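K.L.:
My questions are about this predicted structure, shown below with the sequence.
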Amino acid sequence: MALDGSWALDGSLEEEEQRQEAHPDEVLLPSSPSHAISGTENAADEVPLKRPKLFVPSLEMNCVTSSSSSAMEQYSSTNLEYDSSPNLEHGLTQNPPPRVLQPSESTESLNTGDDNEGDHGGRDNINHHEVKLDLTDDLIHMVFSFLDHKTLCTTGLVCRQWHAASVHEDFWRCLNFENCRITAEQVAKLCRRYTRAVELHLPGSLLDIPVREALRTLRSLEVLTIDRGTLSDAFFSLLADFPVLNRLIITEAALERGGTQEIHIHHESLRYLEVVRCRALRISVSCSLLETLSLKRSGISSAILSCPLLRELDVSSCHKLSDPGVRGAAISCPLLQSLDISNCSYVSDDTLREIAAACTDLRFLDASYCPNISLEAVRMPRLVDLRMHNCEGINATSMASLSQCFYLEALQLDFCWLLTSVTLDLPRLRHISLVNCRKIVELNLSSPALVSINITSCPILSRVDITSTALEKLVLQKQKSLTTITLQCLHLYEVDLTECESLTNSICEVFSEGGGCPMLNTLILDSCEVGLCSLNLGICPHLTELEIIAPQMTSLELKGCGVLSQANIDCPQLHSLDASFCSLLNDDCLAAATAACPSIELLVLMSCTSIGPEGLLALQRLSNLTLLDLSYTFLTNLQPVIDSCPQLKVLKLQACKYLENSALIPLHRGRTLPKLCELDLSYGTLSQSAIEELLAWCPHLTHLSLNGCVNMHDLDWRFQASNSYSDSEPHRKQNKSDLRDDQIHVEGSPNRSLQHLNCVGCANIKKVVIPASAYCMSLSSLNLSLSANIQEVNLACLNLATLNLSNCVALEILKLDCPRLTSLLLQACGIEEQELECTIQSCNLLETLDVRFCPKVSSTSIAKLRLISPDLKRIFSSF
């Protein structure tokens, strides 16, 4: 067989050389001499076949190394010789493989070549070892078993032994003549030669009388494929001569003109039959063992079947097949399990009802593009897979019939234009597809086995309610009217809501605690443009990937998404982003978010430990950033923040235990971050001197939190008041013993703007002194609660309104010069009654006093306190 599809059987060597010149890419079919074709199978025995002995130049272990490259080049340039025996039918006309030694030759002759041998003379210089490879017939047979037919044709030209091996019947049990240039006479000869062939692929145009007669010799044929051509009644009668035939495929064939235009197929062993795209009026099939029958795209108008074991029937796109024709063909097969009637436009509900009654084990039905089917009163309880693409009759009432399909696992209702709602409660439903259902408004699905839902381009779908314990991925793309989603899916891990433009903030309830999706780790909200303004995903502990494209979103909370590692956030109007405890978010994610969301004003990165200085430098894109929370991170200095956030007003650095003492120096006197007014350094490890310098040189701060600062021992502002605000010596320390109690601040020191000071739980503080010289004119709230070792509090703050000393059990001295104090909280304090009475006398505007659980305050003291301070409105006590 040639590469271009031609076949060659007979002819001399000279003829084949001429053929090679005309068709240089042609490979010849292995054949025998002409007398062998005529019937003598052992004609080659007249001249005994010689086993080839190959000359292989090599070094040790039969390998060619780089040192022998020149010798190999000389060897490869030589012309190889062939046995010129007249019984070798074919030879090559181009440079062949390694030279084949003749039986009379010795290997020495290769090295003692004749001068007249041209290229062979160069072999005198070869110093390699000579190895004789004795290839046995069994070894060649095993190697040839891996070759295809075209390669076998080529290898059969090497020598007589390879030729004999290449034509062995084991390699030609499948005769494929499709897309080959071959004559009917050649086909007939090959069929007679290989009578044990089990598979035959033949163009219908070659089925003339000689070929049909030759086919009768193929008594072992199991698979027969006929492609194109014209078939006669004689061909179908020929099938009886193949007793073990079990598979017959006829494609794009037509019957002879003038005949009955009816196909009759009768066979006792046939199990698989395809008659596809064939032109005939009628077909009659009588096969007692037939299990699969396909009549796809055939022009038949009637099908008579006598196949009691038939389980699969395909009559799709048989446009001429009438409704009674489909009914008669199907109900004659009581064991039918699979039926494809797609594009059979005449099929009605009556036919489906009769088929369902006759074929009680029907499990697969494809009724796509059948406009007359609505499934009204159709009961198919054993149905597993139902496909109803583009069925105009399917509507909401069809769901009643589908609800009776208790074994249904797959349902496809794509392009069902009249379908308005789907409500199904099926225990085994695993897959459902609703694509381009233009009128569907509501979807209610309840199935514990549901694993796949494909709902795309349903423009007026507004409500989705899904309950499933197996669903892992939900795709609801391009649902422009979708407003309500209810999910009870315990194992759902991915939700895609791309282009669901009508979603509102109520979507947060779906993914909140108790929303039914505890395992969610991927949420995609691309182009949710209309209603989605804020989203809280802070309770999705398994969320690992997030993609949000929402031009109108202003607030996004990811607090608690501890395994979130990839976040694509494209919200140009986003003002607030809370990514607290998203410890896997890195610098790249932060950089991408700041580039896509330049309007962020509030950014919370608490406990985002994977974000470093490079990520913080990306904050320079956020020109409106006013609040930054970097609490519980590994921040060591503030330089990246200072360089990136010049407009920052609030900076939270709670529990930044690696923050250096010198990190706060750039903040002194407002040289950097001039708008910074609130600073939180709670639970840090800053030294006492760093805190004192901060209090002395940052008068512009309005809110300062120093809760739980273990290195802060005393809060004595007599010392800070004496420090110079001169830029020449901003960090000079003075000895507290040199200061007088009435010492006034240095000339030129501004009033402090501090309004709220929190020092909760500072266990090492023993004394708090804020004199008038500290100029804390704006201080209105001071919280010293839970500082158990405080013994003395001495305050002179004109505008102080709230003082909290709860749980200061060691408190003994309390002196207050705070004329505007309205709330004093002394819960569980150890203060004496007399000390408390003296303190109250100086607080004329006091309205609230809490002395609950104060062990040294008695009930009589409460009465005295009311007399001392008649304006006191609320006293909380344990009495």
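P.N.:
That came through, no problem. Numbering: from 1, shown residues only.
K.L.:
okay, CA-based contacts and neighbour counts for the rest of this
P.N.:
Noted.
K.L.:
Which stretches in the stretch 151-300 of the chain count as helices?
P.N.:
For the stretch 151-300 of the chain, applying DSSP state H, counting those that start in this stretch gives helices covering 160-166, 184-193, 209-215, 233-238.
K.L.:
could I get the ones you listed as JSON lines with distance to residue 619?
P.N.:
Converted to JSON lines, those look like this (distance: least, CA to CA, whole Å):
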{"stretch": "helix 160-166", "distance to residue 619": "75"}
{"stretch": "helix 184-193", "distance to residue 619": "79"}
{"stretch": "helix 209-215", "distance to residue 619": "82"}
{"stretch": "helix 233-238", "distance to residue 619": "81"}
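K.L.:
so which of those helices gets nearest residue 633?
P.N.:
Smallest distance to residue 633 across the helices of the stretch 151-300 of the chain (CA to CA): 75.5 Å, for helix 160-166.
K.L.:
From the contact counts, what lies against that closest one?
P.N.:
Here helix 160-166 touches helix 137-144, helix 149-155, going by 3 or more CA pairs under 8 Å, 6 or more residues apart in numbering; DSSP states H and E.
K.L.:
buried set for stretch 255-270?
P.N.:
Across stretch 255-270, burial judged by 16 or more other CA atoms under 10 Å covers 255, 261-263, 265-267, 269-270.
K.L.:
Please read the previous query as pertaining to stretch 192-205.
P.N.:
Under 16+ other CA under 10 Å, the buried positions of stretch 192-205 are 192-204.
K.L.:
What's the mean pLDDT across stretch 544-552?
P.N.:
Mean pLDDT, stretch 544-552: 82.
K.L.:
That stretch: end-to-end distance?
P.N.:
24 Å (CA to CA, to the nearest Å).
K.L.:
related to what we said a few turns ago, kindly reformat the buried residues of stretch 192-205 as a markdown table containing pLDDT and distance to residue 324.
P.N.:
Shown next, in a markdown table, are those (pLDDT from 0 to 100; distance: CA to CA, whole Å):
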| residue | pLDDT | distance to residue 324 |
| --- | --- | --- |
| 192 | 92 | 46 |
| 193 | 91 | 48 |
| 194 | 92 | 46 |
| 195 | 92 | 44 |
| 196 | 93 | 44 |
| 197 | 94 | 41 |
| 198 | 95 | 39 |
| 199 | 95 | 37 |
| 200 | 95 | 36 |
| 201 | 94 | 35 |
| 202 | 93 | 35 |
| 203 | 92 | 34 |
| 204 | 89 | 32 |
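K.L.:
if I look at residue 324, how far off is residue 295?
P.N.:
Distance of residue 324 to residue 295, computed by CA to CA: 16 Å.
K.L.:
With residue 171 instead?
P.N.:
From residue 171 to residue 295 the distance is 33 Å (CA to CA).
K.L.:
What ranges does the stretch 301-450 of the chain have for its strands?
P.N.:
Ranges of strands in the stretch 301-450 of the chain, per DSSP state E, counting those that start in this stretch, are 302-306, 312-314, 338-340, 364-366, 385-387, 410-412, 421-425, 431-435, 442-446.
K.L.:
and for the fifth one, what are the contacting residues?
P.N.:
Outside strand 385-387, the residues that touch it by CA atoms under 8 Å, 6 or more residues apart in numbering are 363-368, 408-413.
K.L.:
in the stretch 1-150 of the chain, which ranges drop under the pLDDT threshold?
P.N.:
Along the stretch 1-150 of the chain, segments meeting pLDDT under 70 span 1-134.
K.L.:
Compare residue 171 and residue 295 and say which one has the larger neighbour count.
P.N.:
Counted by other CA atoms under 10 Å, residue 171 and residue 295 do not tie: residue 295 has more neighbours, with 23 against 20.
K.L.:
Contact partners for that one?
P.N.:
Taking CA under 8 Å, 6+ apart, we find residue 295 in contact with 274-277, 313-316, 318.
K.L.:
out of those, which are buried?
P.N.:
Neighbour counting over the contacts of residue 295 (16+ other CA under 10 Å) leaves 274-277, 313-316, 318 as the buried ones.
K.L.:
Just the closest of the residues you listed to residue 221, please.
P.N.:
residue 274 (16.7 Å).
K.L.:
Spell out, range by range, the helices that occur in the stretch 401-550 of the chain.
P.N.:
Going by DSSP H, counting those that start in this stretch, the stretch 401-550 of the chain shows helices at 507-510.
K.L.:
for residue 442, which residues make a bridge with it?
P.N.:
For residue 442, the beta-bridge partners are residue 421, residue 463 (DSSP bridges).
K.L.:
on that earlier part again, could you work out the most separated pair of the contacts of residue 295?
P.N.:
Using CA to CA, the contacts of residue 295 span at most 15.3 Å, a distance reached by 277 and 313.
K.L.:
Quick check, pLDDT for residue 565.
P.N.:
We note a pLDDT of 87 for residue 565 in this prediction.
K.L.:
In contact with it, which residues are there?
P.N.:
Contacts of residue 565 (CA under 8 Å, 6+ apart): 544-545, 582, 584-586.
K.L.:
Span of stretch 349-367 from start to end?
P.N.:
The straight-line separation of the ends of stretch 349-367 (CA to CA) is 11 Å.
K.L.:
no wait, stretch 173-192
P.N.:
End-to-end distance of stretch 173-192: 12 Å, with CA to CA as the criterion.
K.L.:
Stretch 339-352 now?
P.N.:
By CA to CA, the extent of stretch 339-352 from end to end equals 11 Å.
K.L.:
Distance check, the closest residue to residue 341 other than its chain neighbours against residue 793.
P.N.:
Sequence neighbours aside, residue 316 is the residue nearest to residue 341 in space, at 4.7 Å (criterion: CA to CA, 6 or more residues apart in numbering). As judged by CA to CA, residue 316 and residue 793 stand 94 Å apart.
K.L.:
ok, now residue 825?
P.N.:
In terms of CA to CA, residue 825 sits 13 Å off from residue 793.
K.L.:
now residue 321
P.N.:
102 Å.
K.L.:
More neighbours: the two, which one.
P.N.:
Taking other CA under 10 Å, residue 321 and residue 793 do not tie; residue 321 has more neighbours (23 against 20).
K.L.:
For the closest residue to residue 666 other than its chain neighbours, list the residues it contacts.
P.N.:
Among residues not flanking residue 666 along the chain, residue 672 sits closest, at 6.0 Å (CA to CA, 6+ apart). Listed by CA under 8 Å, 6+ apart, the contact set of residue 672 reads 642, 646, 666.
K.L.:
now those residues: which count as buried?
P.N.:
Those of these that meet the buried threshold are 642, 646, by 16+ other CA under 10 Å.
K.L.:
Which of the contacts of residue 672 fall in strands?
P.N.:
Applying DSSP state E to those, no entry is found in strands.
K.L.:
want to try a markdown table for the contacts of residue 672, with pLDDT and distance to residue 844 as columns?
P.N.:
Below are the contacts of residue 672 laid out as a markdown table (pLDDT from 0 to 100; distance: CA to CA, whole Å):
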| residue | pLDDT | distance to residue 844 |
| --- | --- | --- |
| 642 | 90 | 45 |
| 646 | 90 | 43 |
| 666 | 88 | 42 |
